[in-house]
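Novice: Here is a sequence with its predicted model. Questions after.
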Amino acid sequence: MELLIKGNVKMGPRVFLYNLPPKKTCTPTHWCLKGRNGKPACYALRNNFNLQSVIKAAQARLEFSKGPEFVGSMVQAIQRKKPEFFRFHSSGDFYSEEYARKVIQIAQQCPETLFRTTTRRRDLTNVLQELNSLPNFIVRESLDSERSEPEMGLPFAALASLKIVNPDTDYHCLDDCVKCNYSCWKEDFNMYFNEF
């Protein structure tokens with residue numbers, strides 16, 4: 001199993017990822033699961049994420065993350081690949097406090113890499129605030145029409161249509177990390193994006 005996934009066209013070659021299975025690890029809303037016209041709005045429930053090979057790899061990463069060798073193996077892999085930017089969970093989410101604490105250890109041991117993630121796990125607020133306090137990690141709370149107000153004391157990533165969004169001060173995601181020069185890894189601003 002390849003621990004680190006190379007970023008896609010949107011994220012560019014300077015990003016690596018660690019993905020987990022959606023639904024098993026996150027707390028999806030109706031919007032995530034049904035979106036518009038009964039199709040999932042969550043991109044981790046659509047397209048290539050539905051390939052059996054992708055599903056199996058995410059499940060293997062989930063099982064591996066529960067083991068004692070996870071932190072050391074991840075640190076070695078990150079130090080070997082030397083990614084400038086790393087995203088935890090373009091699919092999936094933090095599934096336990098123990099796992100979140102492992103991610104803290106990984107980020108602490110890889111200070112040259114900038115990490116980011118987006119989460120819906122309000123039940124893990126304290127440990128995710130601790131993760132967000134690291135100098136090389138940004139955690140954003142994911143907001144949609146069913147969870148339209150931030151509750152975690154973190155910056156947010158929100159649908160553009162939400163009232164909480166202020167286009168004058170919040171960052172509009174260009175959906176092209178190379179074009180925006182990886183801004184959301186470098187600054188802990190609130191951001192918003194157009195619905196797919």
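Specialist: Yep, it's here.

Novice: Let me know the secondary structure of the one residue sitting closest to the centre of the chain.
Specialist: Nearest to the geometric centre of the chain sits Thr117, at 3.1 Å (Cα atoms, centre = their mean). Here Thr117 is recorded as strand under DSSP: H, G, I helix; E, B strand; the rest coil.

Novice: Go ahead and confirm it touches Phe88.
Specialist: Yes. Counting by Cβ atoms under 8 Å, Phe88 is a contact partner of Thr117 at 4.3 Å. (Each C-beta comes from the backbone N, C-alpha and C, glycine too.)

Novice: Just after the lowest-mean-pLDDT helix or strand in the chain, pick out the following helix or strand.
Specialist: In the chain, the helix or strand scored least confidently by mean pLDDT, DSSP states H and E is helix 30-34, which has a mean of 74. The element immediately downstream of helix 30-34 (helix or strand, assigned by DSSP states H and E) is helix 52-65.

Novice: ok, what's across the strand from the closest residue to Leu154 other than its chain neighbours?
Specialist: Excluding its sequence neighbours, the residue lying closest to Leu154 (Cβ to Cβ, 6 or more residues apart in numbering) is Glu141, at 4.7 Å. Taking DSSP bridges as the rule, Glu141 bridges to Thr119, Phe156.

Novice: ok, Glu141 touching Ile164?
Specialist: No. Counting by Cβ under 8 Å, Glu141 stays clear of Ile164, with 10.6 Å between them.

Novice: so what sits against both of those two?
Specialist: Common neighbours of Glu141 and Ile164, counting by Cβ atoms under 8 Å, 6 or more residues apart in numbering, are Pro150, Phe156.

Novice: quick one: Met11 and Gln105, what's the gap?
Specialist: Using Cβ to Cβ, to the nearest Å, we find Met11 at a distance of 24 Å from Gln105.

Novice: who has more neighbours, these two?
Specialist: Met11 (18 against 14; other Cβ atoms under 10 Å).
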